[in-house]
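Peer 1: Here is the input, now give the coordinates:
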Amino acid sequence: MELTKIELLINKYFDAETTLAEEQQLKDYFNSGNVVPHLQQYAPMFCFFAEEEDLSYNRPLQFEAKPDYRRWFSVAAAVIVVAGGFTWFYINGENAGRQDLGTYNNPEVAFRETQKALNMLSKNVNVGVESMSYIGEYEKTRKSIFKK
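Peer 2: Next up, the predicted model:
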């Protein structure tokens, strides 16, 4: 076989572009024993492939039937979810009439309580806004030190 053709097939083989017939030509060349010295490094690989083609496994495979616990786990999980749902609805349904939802019958009392809640919220927001002024000072200082 021509040396250039073998070198071309080797390159195609390592680029995964060979056909089965071309791979068989490579196996035949490397098993012939007339391999040029600079391609000798590939001979063991192709000889191994040729030897391994003939191997086969003839013993029958035996599988053990293992119990399928996943099915039982899924059934148990479904029972737990259903029981939890019934319990939650039972407890919430029982206490729904007794819960104090914070409603007021007098609109003036409701207005005063709402003002208290909003006042407390605005104080907390103002504290956050005041702390943002420090970030502005930091930016001014940073820009004066690190001029672009």
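
Peer 1: how near is Leu39 to Ile10?
Peer 2: Separation of Leu39 from Ile10 (Cβ to Cβ, to the nearest Å): 7 Å. Quick note: C-beta positions are derived from backbone N, CA and C, even for glycine.

Peer 1: again, but for Leu61
Peer 2: For Leu61, the distance to Ile10 - Cβ to Cβ - is 38 Å.

Peer 1: Run through the neighbouring helices and strands of the helix or strand of the chain with the lowest mean pLDDT.
Peer 2: The weakest-scoring helix or strand in the chain, judged by mean pLDDT, DSSP states H and E, is helix 43-53 (a mean of 78). Using 3 or more Cβ pairs under 8 Å, 6 or more residues apart in numbering; DSSP states H and E, the elements in contact with helix 43-53 are helix 20-32.

Peer 1: how about the helix it packs on: buried residues?
Peer 2: 25-27, 29-30 (16 or more other Cβ atoms under 10 Å).

Peer 1: before we move on, the earlier item: between Leu61 and Ile10, which one's more packed in?
Peer 2: Ile10 (17 against 5; other Cβ atoms under 10 Å).

Peer 1: Can you dump the C-alpha atoms of stretch 9-29 in CSV for me?
Peer 2: Backbone C-alpha positions of stretch 9-29 (Å, rounded to 0.1, in the frame of the first residue of the first chain) are rendered in CSV as follows:
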residue,chain,number,x,y,z
LEU,A,9,-5.9,7.5,6.4
ILE,A,10,-4.2,7.9,9.8
ASN,A,11,-5.0,11.6,9.7
LYS,A,12,-8.6,11.0,8.7
TYR,A,13,-8.8,8.3,11.5
PHE,A,14,-7.7,10.7,14.2
ASP,A,15,-10.1,13.4,12.9
ALA,A,16,-13.0,10.7,13.1
GLU,A,17,-13.6,10.9,9.3
THR,A,18,-12.8,7.4,8.2
THR,A,19,-15.3,4.8,6.9
LEU,A,20,-15.4,1.2,8.2
ALA,A,21,-13.6,0.1,5.0
GLU,A,22,-10.8,2.6,5.5
GLU,A,23,-10.4,1.5,9.1
GLN,A,24,-10.2,-2.1,7.9
GLN,A,25,-7.4,-1.1,5.5
LEU,A,26,-5.5,0.5,8.4
LYS,A,27,-5.9,-2.6,10.5
ASP,A,28,-4.7,-4.8,7.7
TYR,A,29,-1.7,-2.6,7.1
